[in-house]
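Novice: predicted model and sequence below, questions to follow.
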Amino acid sequence: MAKHDRTVNVGPYEAGDSRAAVCPHCEILVDSTFVSQEDGLLVAVCDVCGQLVGIASQSQPLELRIEFYEGGHGAIPDESALMCVVEGYCFPYGRPLFELFEEAVRVLDLCRDKYAAPNMVGTFLTVRISRKWRETVNTLLARLDVRIANGMAEARIFGATLPQYETNRSLVVDEDHNVVTIVADILRSLP
Ligand SMILES: [Zn+2]
């Protein structure tokens, strides 16, 4: 397809494909180019300003899947230790994509069953954040190893697709809160 053919463009798109789009930043019709992100999303960026203008239709919906496991810590959690799962996505049209942890906080805050989520059992909690990919494949994006004792949560946070990302957080938590609320508070505390 010619780069400037604006009449037939139904996808599925591939990285490098061009598409005309109205850029919310430039506020005019521009050419955009699809690029693959680390998290598997195929997004269109404005050729003029480089900002996000859309997402490939075949990439949607791409929910975050946030799994809470009792115990763990370093080991691959056993399915029998699965406490609960939260799924959802927040896609900010016309603005840059949320950073992963910001999106995860929003998904956890929006979780309809938040108040039915289980409380901590024991001291350790493992959280896996992945992106659902075409309903079947999960791409693991990050893992949190959380230890909660004496009202303090200590979390080691690893970025699975960002191997250089590893941080430790320590914050006061209400141990009576459920795991969804506690993990949202931990992620919210990240810089
Ligand atoms: Zn633009």
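Specialist: All right, it came through fine. Numbers count the residues shown, from 1 in each chain.

Novice: please report how far residue 35 lies from residue 56.
Specialist: 10 Å (Cβ to Cβ, to the nearest Å). To be clear about C-beta, it is placed using only N, CA and C from the backbone, and glycine gets the same treatment.

Novice: ok, residue 104 next?
Specialist: 22 Å.

Novice: who has more neighbours, the two?
Specialist: Per other Cβ atoms under 10 Å, whichever of residue 104 and residue 56 has more neighbours is residue 104, with 26 against 19.

Novice: which element is the more buried one on?
Specialist: Using DSSP states H and E, the element containing residue 104 is helix 100-110.

Novice: checking my notes, residue 128 in a helix, right?
Specialist: No - applying DSSP: H, G, I helix; E, B strand; the rest coil, one finds residue 128 to be strand, outside a helix.

Novice: coming back round to it: common neighbours of residue 35 and residue 56, please.
Specialist: Common neighbours of residue 35 and residue 56 are listed as 42, 43, 44 (criterion: Cβ atoms under 8 Å, 6 or more residues apart in numbering).

Novice: now, of those, which are buried?
Specialist: Among these, those scoring as buried are 42, 43, 44 (criterion: 16 or more other Cβ atoms under 10 Å).

Novice: quick check: longest strand of the protein.
Specialist: In the chain, assigned by DSSP state E, the strand with the most residues is strand 137-149.

Novice: which parts of the protein are strands?
Specialist: Secondary structure of the chain (DSSP E): strands at 18-22, 29-36, 42-46, 52-55, 64-70, 82-88, 124-133, 137-149, 152-159, 166-172.

Novice: neighbouring strands - and their directions - for the first one?
Specialist: Partner strands for strand 18-22, per DSSP bridges, with pairing direction: strand 29-36 (antiparallel).

Novice: neighbours of residue 14, just the number please.
Specialist: Every residue meeting other Cβ under 10 Å relative to residue 14 is counted, giving 11.

Novice: got the contact list for the residue positioned nearest the centre of the chain?
Specialist: Nearest to the mean C-alpha position of the chain, by Cα atoms, centre = their mean, lies residue 100 at 4.1 Å. Taking Cβ under 8 Å, 6+ apart, we find residue 100 in contact with 39, 129, 141, 142, 159.

Novice: out of the residues you listed, who has the most neighbours?
Specialist: residue 129 leads the contacts of residue 100 on contacts (other Cβ under 10 Å) with 26 neighbours.

Novice: where do the domain boundaries of this protein fall?
Specialist: 18-59, 64-188 (automatic domain parsing).
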